[in-house]
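Undergrad: no FASTA, just this:
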């Protein structure tokens, strides 16, 4: 037994819960059963560990205990027994196989769970919720809070998704070959949604919800360990690290949003940038890099520059050209227009923004915000002001709203109190 | 486990030629592959939706018979397969291979297990 302090029990749970659950799901082929005995085991740990100390191999302890709890339930709980019978699980299978305490060699089954939680037959909302709940260390309450929905709504969403997994028999398996290539984007997209919600919350008072971006990085690290050869996984992790590296500089001491131009680059996290840049190099060593790898390369170009003026905008426009060929998102076109404005002149960017007016970006606040920014740069204050006002009509996040208000106020200094 | 693949057609859809084979030829080939794989439980093609009749019995036991399928939509049920498959991924695979998925779409419904049956 180690002499780890007792307050680390929660940290151990956070670290090991996903693996514990994945191992049990793999054995029972039933998420509910696995969750039940996983909580039984963690409850037991909460009683034993404060007395005995945290075991040297907590995961092995939890798996062994969970399996014993399953046997206990099997003996006294008829409903439980009949469910196991439906699943063709024999009691002997529940008897713990002692893991090797020397090597702590327990197979990591989390990859299966990733593909189940992010199965395309589940709604995107359910994929995000299940992934955070099963693979992240988040409780239903925390997941609900993170997405600003009521706890009962989130509870319902998770229950419905679990019911579909069971009734439609969504398998716990890692797809192979072409199927892996088909399914991986859904897993990456789910992690991306978690990260972006953490990085730029779509609604609410705070711009950054650190918990969610940290959680997305943690999950991407796990996925990268499980699929080291997948370039897009490296690209996604790189993208997260490089974007998150700017976190301290994105928000000032009063909580206000600081645009890239004005950020104090000394505040950027150099460790994350170095790790991200190394991963980008790996991610781009493939004949046709995917969208996350190219976005990570774009973030790396920004990360390596001392200022907006010395940023390699030629390289950035080239990367946006590559990105717009593989991703048809109009947001890419918007960012490409801004990069062209920086490389050439604001007028060139404005012309491209005009061509986006009719696209699905019509209701996206960053389109008029970008227009306002370029108009401001060429001194067209009136036009810039009306663009910022258009952006204000569309923005939903309070911090971004106050940033736009500041920009608007800067255009009309005479009218300030 | 049994899955029902509902083959949903669309009145507005243009039939897609696949290497010069007609939709009927494609379905014949698909049907044979389902039989060869040993997963077939049942299958039928439904006659045109224009031959559909809907029946509803009201609370006062009045029988209301109307011409046409139940829902006012451009989509219609053209046929079905019931296949015995291990899991949803296998069902998705068979649905994707069905010519109906290209001509329209295929809805996968797990056949419910009625307790005690």
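TA: Great, that's in hand. None of these values were measured; they are calculated from a predicted model.
Undergrad: Helices of chain B, residue ranges please.
TA: B:23-36, B:88-97, B:99-103 (DSSP state H).
Undergrad: roughly how far apart are the closest residue to chain A within chain B and residue B:12?
TA: Ranked by CB to the nearest CB, the top residue of chain B for proximity to chain A is residue B:87, at 4.0 Å. C-beta coordinates here come from the backbone N, C-alpha and C atoms, glycine included. Distance of residue B:87 to residue B:12, given as CB to CB, to the nearest Å: 33 Å.
Undergrad: Show me which of those two is the more surrounded one.
TA: Applying other CB atoms under 10 Å in any protein chain shown to residue B:87 and residue B:12 shows that residue B:87 carries more neighbours, namely 17 against 8.
Undergrad: quick revisit: give me the phi and psi for the residue of chain B closest to chain A.
TA: Here is the backbone geometry of residue B:87 (degrees, to the nearest 10): phi -160, psi 180.
Undergrad: roughly how far apart are it and residue A:186?
TA: From residue B:87 over to residue A:186 the distance is 17 Å, taken as CB to CB.
Undergrad: Repeat that for residue A:389.
TA: On the measure of CB to CB, residue A:389 and residue A:186 end up 39 Å apart.
Undergrad: And those two? Which one has more around it.
TA: residue A:186 (18 against 14).
Undergrad: For the helix or strand hosting that one, which helices and strands make contact with it?
TA: Using DSSP states H and E, residue A:186 falls within helix A:177-199. On a contact count with 3 or more CB pairs under 8 Å, 6 or more residues apart in numbering or on different chains; DSSP states H and E, helix A:177-199 meets helix A:110-117, helix A:124-134, helix A:210-226, helix A:231-244.
Undergrad: right, and those - which one's nearest residue A:324?
TA: helix A:231-244 (16.7 Å; CB to CB).
Undergrad: doesn't residue A:390 make contact with residue A:404?
TA: No. Counting by CB atoms under 8 Å, residue A:390 is not a contact partner of residue A:404; they are 9.9 Å apart.
Undergrad: Residues that sit against both of these two, list them.
TA: Taking CB atoms under 8 Å, 6 or more residues apart in numbering or on different chains as the criterion, residue A:404 and residue A:390 both touch residue A:372.
Undergrad: Please say which of the two ends up with more neighbours.
TA: Neighbours per residue (other CB under 10 Å) separate residue A:404 from residue A:390, with residue A:404 holding more: 23 against 16.
Undergrad: Just to check, residue A:35 is in contact with residue A:20?
TA: No. With contact defined as CB under 8 Å, residue A:35 does not reach residue A:20; the gap is 10.1 Å.
Undergrad: So which residues on chain B come close to chain A?
TA: Contacts of chain B with chain A, taken as CB under 8 Å from any CB of the partner chain, map to B:1, B:86-89, B:92, B:108, B:110, B:112.
Undergrad: Quick one: buried ones out of those residues?
TA: Neighbour-count burial (16 or more other CB atoms under 10 Å in any protein chain shown) applied to the residues of chain B next to chain A gives B:1, B:87-89, B:92, B:108, B:110.
Undergrad: and the residue of the stretch 251-400 of chain A found nearest chain B, helix, strand or coil?
TA: Using CB to the nearest CB, the closest approach of the stretch 251-400 of chain A to chain B is made by residue A:328 at 21.9 Å. Assigned with DSSP: H, G, I helix; E, B strand; the rest coil, residue A:328 falls in the coil class.
Undergrad: count of neighbours near it?
TA: Neighbours of residue A:328 (other CB under 10 Å): 8.
Undergrad: what's the answer for the one 4 residues further on, then?
TA: Here the number of neighbours of residue A:332 (other CB under 10 Å) works out to 20.
Undergrad: next one: the one 3 residues further on
TA: A total of 20 residues lie near residue A:335 under the criterion other CB under 10 Å.
Undergrad: The closest residue to residue B:65 other than its chain neighbours: what's it in contact with?
TA: Distance criterion CB to CB, 6 or more residues apart in numbering or on different chains; nearest residue to residue B:65, sequence neighbours excluded, is residue B:55 at 5.4 Å. The neighbourhood of residue B:55, defined by CB under 8 Å, 6+ apart, consists of B:63-65.
Undergrad: Put together TSV for those residues, with pLDDT on each row.
TA: Shown next, in TSV, are the contacts of residue B:55 (pLDDT from 0 to 100):
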residue	pLDDT
B:63	93
B:64	90
B:65	90
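Undergrad: Can you tell me which of the residues you listed lies closest to residue A:31?
TA: residue B:64 (43.8 Å).
Undergrad: My read is that the closest one contacts residue B:57, right?
TA: Yes. Shown here, residue B:64 and residue B:57 form a contact pair, counting by CB under 8 Å, at 7.4 Å.
Undergrad: So which bits of stretch A:242-255 are buried?
TA: Result for stretch A:242-255 [16+ other CB under 10 Å]: buried residues A:242-247, A:249-251.
Undergrad: Ok, stretch A:54-67 next?
TA: Quick answer for stretch A:54-67 (16+ other CB under 10 Å): A:54-55, A:57-67.
Undergrad: Chain neighbours aside, what residue packs nearest to residue B:105?
TA: Using CB to CB, 6+ apart, the nearest residue to residue B:105 is residue B:8, at 5.1 Å.
Undergrad: Hmm, residue B:100 and that neighbour touching each other?
TA: Yes. Between residue B:8 and residue B:100 a contact is recorded at 7.3 Å, counting by CB under 8 Å.
Undergrad: ok, residue A:284 - contacts?
TA: A:231, A:235, A:293, A:297.
Undergrad: go with 10 Å
TA: A:231, A:234-235, A:238, A:293-294, A:296-297, A:300 (CB atoms under 10 Å, 6 or more residues apart in numbering or on different chains).
Undergrad: For chain B, give me its nearest residue in the stretch 51-200 of chain A.
TA: Nearest residue of the stretch 51-200 of chain A to chain B (CB to the nearest CB) works out as residue A:171 at 4.0 Å.
Undergrad: That residue: what's it in contact with?
TA: A:29, A:112, A:115-116, A:119, A:165, B:86-90.
Undergrad: Surely it is in a helix?
TA: No. Using three-state DSSP, the secondary structure at residue A:171 is coil, not a helix.
Undergrad: confidence score at it?
TA: Predicted confidence (pLDDT) at residue A:171: the value is 92.
Undergrad: same thing with residue A:200?
TA: Reported pLDDT for residue A:200: 62.
Undergrad: so where does residue A:163 fall, helix or strand?
TA: helix A:151-167.
Undergrad: quick one on the thing from earlier: which residue is the nearest non-sequential neighbour of the residue of chain B closest to chain A?
TA: Going by CB to CB, 6+ apart, residue B:87 has residue A:171 as its nearest residue, at 4.0 Å.
Undergrad: Below-threshold pLDDT in chain B: ranges please.
TA: Flagging of chain B using pLDDT under 70 yields the residue ranges B:15-20, B:70-72, B:116-117.
Undergrad: Go again with 50.
TA: Filtered on pLDDT under 50, chain B yields no residues whatsoever.
Undergrad: burial count for residue A:409?
TA: 14.
Undergrad: Residue A:70: neighbouring residues, count only.
TA: 28.
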